[in-house]
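Enquirer: Predicted model and sequence follow; I will ask about them next.
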Amino acid sequence: METLEIRSTVTSGGQLVLTLDAVPLPALEADQILVRIEAAPVNPSDLGLLLGPADVDTIAAADGRVTATIPAARMPMMAARLDQAMPVGNEGAGVVIDAGTGARAMIGKTVALVGCSTYATHRIVRAHEAWVLPEGATPAQGASVFVNPLTALAMVETLRKEGHSALVHTAAASNLGQMLNRICIADGVPLVNIVRSAAQAAILRGIGAKHIVDSSAPDFAEALAAAVAETGATLAFDAVGGGPLANQILRAMEAAAQARMPAYSRYGSSTWKQVYIYGALDTGPTQLDRSYGLAWGVSGFLLTPFLMKAGAETIQRLRARVAAELNTTFASHYSAEISLREALDPDVIRAYARRATGEKYLINPAKG
């Protein structure tokens, strides 16, 4: 038996090459299961491997493969993956259609998978690595139970662990952002949502968000400062990464902190202000002017290292909450369902590469 899988290669000649390859499947070991993948989301983290730093305006299809040019300035960061055909897909869900002698009870169950290259028709994993979905849940409902739900929960866990009382989130109308809003509303955590349009603000108002600021509005800086002052937010998670947004957030936090100071200090406030960058919607440099004292930090945030530090008990608690609220707090919404072949159509690639709010794509490898 074999699987069809999407593979991404960065060539030493500066090209991105995407292919749909047939790959033989090995015989099942006793504790392994064979899953027919029926749903896998296209997350920003998937695009980082799928497309790399390629210029999407140069994408073209010919001779059964898709190619794009990678700017020469971005090639050094690709050194570790040159000329390797790498399978793609961080998470997904499907049905167990076969199993080894020690895992036969799993046959027929709908399961979610993470970290096993799910842009494929089939995957073999250890039985204990699969998450059996609640009774009645479909693969589409379970396809996104890892990355977005656990990242949103990790944000609130970080807030509590580090002693903050409120937080700021950017690109806040995304699927992840909507989940974070539902969590914060349920848990009583004040949340400042930064969006990029009035339409995105309307999405969040529709689910009960209280503090929403539009970065495209002329009074953005003033509105952000007011929302941060009202909530007391000193922690932010930034999906944008590049540009001045992290700087603007830190300025707003410092202004709120200084307003509470009894006397002036040339070192700024002693209130710690933290921005975690967890995305790269803007791939340019992060601009910081250091105009907010000395009690601040900007660093990266990734779910996997967080979970490794959190420990088994915390992971189990978070997963139990996701399972219990799969169709409410952690429901994902998709604008289009596409096949593996459609996922390699240049026009479709350009569409999902925009990462536009409300345009989340779901790959169904069983389609067609």
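Expert: Cool, the structure landed.

Enquirer: Going by C-alpha atoms from here, please, whenever you check contacts or count neighbours.
Expert: Will do.

Enquirer: tell me which element residue 249 is part of?
Expert: Secondary structure from DSSP states H and E places residue 249 in helix 245-259.

Enquirer: just checking, what packs against that helix?
Expert: Under the contact criterion of 3 or more C-alpha pairs under 8 Å, 6 or more residues apart in numbering; DSSP states H and E, helix 245-259 touches helix 220-231, strand 273-277.

Enquirer: for that helix, which positions count as buried?
Expert: Judged by neighbour count using 16 or more other C-alpha atoms under 10 Å, the buried positions of helix 245-259 are 245-258.

Enquirer: swap in stretch 99-113?
Expert: For stretch 99-113, the neighbour count (16+ other C-alpha under 10 Å) marks 99, 100, 103, 104, 106, 107, 109, 110, 111, 112, 113 as buried.

Enquirer: tell me which of those is nearest to residue 90?
Expert: residue 113 (8.3 Å; C-alpha to C-alpha).

Enquirer: ok, now how distant is the closest one from residue 227?
Expert: In this view, residue 113 and residue 227 are 38 Å apart by C-alpha to C-alpha, to the nearest Å.

Enquirer: Show me what the mean pLDDT comes to for the helix or strand hosting residue 242.
Expert: Element membership of residue 242, judged by DSSP H and E, is strand 241-243. The average pLDDT for strand 241-243 rounds to 96.

Enquirer: List the buried residues of that strand.
Expert: 241, 242, 243.

Enquirer: Any chance of a markdown table for the residues you listed, columns distance to residue 305?
Expert: Output for the buried residues of strand 241-243, formatted as a markdown table (distance: C-alpha to C-alpha, whole Å):
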| residue | distance to residue 305 |
| --- | --- |
| 241 | 19 |
| 242 | 22 |
| 243 | 25 |
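
Enquirer: which one of the residues you listed sits closest to residue 276?
Expert: residue 241 (9.0 Å).

Enquirer: Need the nearest residue in space to the closest one, chain neighbours excluded.
Expert: residue 280 (4.9 Å; C-alpha to C-alpha, 6 or more residues apart in numbering).

Enquirer: what sits against that neighbour?
Expert: Contact analysis of residue 280 by C-alpha atoms under 8 Å, 6 or more residues apart in numbering lists 239, 240, 241, 242.

Enquirer: returning to that earlier point: now the helix holding residue 249 against helix 220-231, angle please.
Expert: 50 degrees (axes from the mean of the first three to the mean of the last three C-alpha atoms, to 10 degrees).
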